[in-house]
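J.: kindly generate the corresponding structure for this input.
(one chain, ligands or ions: 1)
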Amino acid sequence: MKRLAGRSALVTGGNTGIGRAIALAYADEGADVAVAWIEREPEARSLVAEIEARGRKGRAFRCDVTSEADVAACLRDTVAAFGKLDILVSNAGIQHAQAITEMSVEDWDRMIAVHLRGAFLMAREAARHMIPKRRGWMIFTCSQLGYIGREHYSAYSAAKAGLIVFMRSLAKELAPHGILVNGVSPGLVDTGFDPLSDSMKQVHAASLPLKRLGTPEDMTSAYVFLASDEARYYCGQLLHPNGGEIMP
Ligand code: NDP
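T.: Next up is the predicted model:
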């Protein structure tokens with residue numbers, strides 16, 4: 001029996017990187033999967049074809065997660081396509097390395113908006129759908145930088161720290177409604193997302209107990225587990241696929 005058979009999922013930022021790997025892993029486990037993207041449409045279209053080649057329904061919706069109207073439309077279209085939404089993976093993100101002295105108010109606001117306003121809008125719409133059904137799973141992509149921070153990543157790290165406690169608050173609020181909320185906190189994953197140079201990435205990899213950077217596929221077992229019945233006693237927890245960099 002596939003672990004997500006009969007479930008439907010929406011993965012934001014699902015067309016590339018970690019989100020794409022999650023979408024394919026979910027389809028492999030029997031779920032229908034929609035992804036939300038903002039710029040890279042060809043990747044979204046090819047992903048839908050890959051999901052459908054696995055015998056599942058796939059959809060891709062252009063949706064700016066910071067837009068209330070886009071998010072409402074995305075949830076509505078996902079439910080229309082699959083008949084319901086069981087699993088939300090809030091994974092969309094952006095990254096800039098910036099000295100604090102160079103950061104504009106717009107840079108700061110955009111970073112906070114994509115990670116926090118986006119997570120809030122998606123979670124609110126999903127909760128409105130899931131609460132009457134008394135069933136659902138929400139998984140937030142956090143980051144170990146939300147624990148430890150990093151120079152030139154202050155806005156990103158602050159946004160991810162906020163996301164961790166947002167996730168935990170929702171976990172407490174929604175558990176009585178039958179909705180399990182948890183998070184995944186990846187270490188450095190070589191998706192092109194992080195602007196570190198190749199030489200810096202090599203230095204970082206050498207510093208890790210496991211001596212290599214993560215791949216998107218290294219992340220997926222955590223997301224499959226947290227959306228499965230095996231995670232029935234997990235509430236407000238963060239899993240840390242990070243090669244051993246931090247051990248919170
Ligand atoms: P990618 O750049 O591959 O993925 C980022 C995704 O977010 C893309 O699908 C992008 O869509 C989407 N996105 C960005 N802004 C918006 C928006 N406003 N509305 C909708 N979608 C948006 O990077 P990763 O896969 O590496 O990152 C995925 C998540 O993992 C992020 O939340 C990131 O913070 C987190 N993470 C990544 C780590 C890493 O080292 N890579 C480490 C820890 C956490 P499009 O392609 O259309 O632009």
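
J.: which residues sit against the longest helix along the chain?
T.: In the chain, taking DSSP state H as the definition, the longest helix is helix 154-174. For helix 154-174, contacts defined as CB atoms under 8 Å, 6 or more residues apart in numbering pick out 95-96, 98, 100, 103, 107-108, 111-112, 114-116, 119-120, 123, 127, 130-131, 136, 138, 140, 142-143, 145-150, 180-183, 185, 235-236, 238. Where you see a C-beta, it was placed from the backbone N, CA and C, and this is true even at glycine.

J.: again, only this time at 6 Å
T.: 100, 108, 111-112, 115-116, 119, 123, 140, 142-143, 145-146, 149, 181, 183, 235-236 (CB atoms under 6 Å, 6 or more residues apart in numbering).

J.: same question for stretch 139-149.
T.: 89-91, 153, 157, 160-161, 163-164, 167, 182-185, 187, 223, 226, 242, 246, 248.

J.: residue boundaries of the strands in the protein?
T.: When assigned using DSSP state E, the strands of the chain occupy the ranges 8-12, 32-37, 58-62, 87-90, 136-141, 179-184, 238-239.

J.: now tabulate those strands in JSON lines and tack on distance to D77.
T.: Listed next are these as JSON lines, based on distance: least, CB to CB, whole Å:
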{"stretch": "strand 8-12", "distance to D77": "10"}
{"stretch": "strand 32-37", "distance to D77": "8"}
{"stretch": "strand 58-62", "distance to D77": "6"}
{"stretch": "strand 87-90", "distance to D77": "14"}
{"stretch": "strand 136-141", "distance to D77": "18"}
{"stretch": "strand 179-184", "distance to D77": "21"}
{"stretch": "strand 238-239", "distance to D77": "29"}
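
J.: out of these, flag the one nearest K2.
T.: K2 lies closest, by CB to CB, to one member of the strands of the chain: strand 32-37, at 12.0 Å.
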